[in-house]
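Asker: Below are the sequence and a predicted model for it; my questions follow.
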Amino acid sequence: MSDSGFRAAAITAAVLFVAMVAASPMGCGEVWALCTFDAPHLPYGADTARAYLAALSEGARWRYLWVVQALDLIFPALLCITFREAFERWAPETFARRMTRVAVFAAGVDYLENALVRVMLKNPSGFSEVVAPAASILTLIKWMTLVVLFAVLARLWVRQRRR
């Protein structure tokens with residue numbers, strides 16, 4: 001990938017993230033501090049998820065289902081590609097391959113989480129008791145993995161800048 005392609009991928013990923021945040025419902029009856037399934041930092045269960053969904057307006061739930069989730073079909077793959085390219089540029093080959101696998105894992109977890117969130121959004125009161133805790137665990141795994149990936153990326157970038 002060219003330098004301009006790499007910059008375009010990174011900028012597009014950032015813009016998609018901002019668009020997802022902007023499109024996410026902001027009012028959820030104070031069920032969560034940040035009103036999105038992607039944001040809770042503590043595990044949640046089916047009752048909390050149902051309370052959150054009940055607090056959302058029909059329009060907010062539609063926006064989450066058809067705008068945020070649509071953007072979140074593109075974002076994990078684009079972020080993974082951006083990570084891969086950065087690791088290939090700035091890390092030794094073996095380490096770059098290992099970190100790329102971690103990025104692919106994070107994208108896969110994100111897609112599984114999105115699928116479970118979609119189940120809850122489409123059937124807010126009738127989803128299985130197992131769905132919410134599973135989505136919650138996947139959210140935590142995704143964010144912990146992304147923290148590691150961004151920390152490694154930041155360290156590699158700083159090292160690259162010093163050279």
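Answerer: The structure has been received and is ready for your questions.
Asker: how near is residue 75 to residue 57?
Answerer: 24 Å (Cβ to Cβ, to the nearest Å). (Each C-beta comes from the backbone N, C-alpha and C, glycine too.)
Asker: got a list of what residue 94 touches?
Answerer: With contact set as Cβ atoms under 8 Å, 6 or more residues apart in numbering, residue 94 has no partners.
Asker: check which helix or strand covers it.
Answerer: In the assignment (DSSP states H and E), residue 94 maps to helix 93-122.
Asker: follow-up on the earlier one: of residue 75 and residue 57, who's got more company?
Answerer: residue 75 (21 against 11; other Cβ atoms under 10 Å).
Asker: Which pLDDT does the model give that one?
Answerer: Note for residue 75: predicted pLDDT of 95.
Asker: Give me the spatial nearest neighbour of it, chain neighbours excluded.
Answerer: residue 16 (4.7 Å; Cβ to Cβ, 6 or more residues apart in numbering).
Asker: Isn't that neighbour up against residue 74?
Answerer: Yes. Between residue 16 and residue 74 there is a contact under Cβ atoms under 8 Å: 6.2 Å.
Asker: Compare these two (neighbour count), which wins?
Answerer: Between residue 16 and residue 74, counted using other Cβ under 10 Å, the more crowded position is residue 16 (17 against 13).
Asker: quick one: that one and residue 114, what's the gap?
Answerer: 14 Å.
Asker: Any buried residues in the one helix or strand residue 47 maps to, and which?
Answerer: Using DSSP H and E, residue 47 sits in helix 46-55. Buried residues in helix 46-55, defined by neighbour count with 16 or more other Cβ atoms under 10 Å: 46, 48-50, 52-53, 55.
Asker: pLDDT averaged over stretch 152-162 - what is it?
Answerer: pLDDT averaged over stretch 152-162 gives 91.
Asker: can you give me the helices in this protein?
Answerer: With DSSP state H, the ranges of helices along the chain come out as 3-23, 46-55, 58-63, 69-90, 93-122, 131-162.
Asker: Which positions in the first one come out as buried?
Answerer: Along helix 3-23, these residues count as buried under the neighbour rule (16+ other Cβ under 10 Å): 6, 9-10, 12-13, 16, 20, 23.
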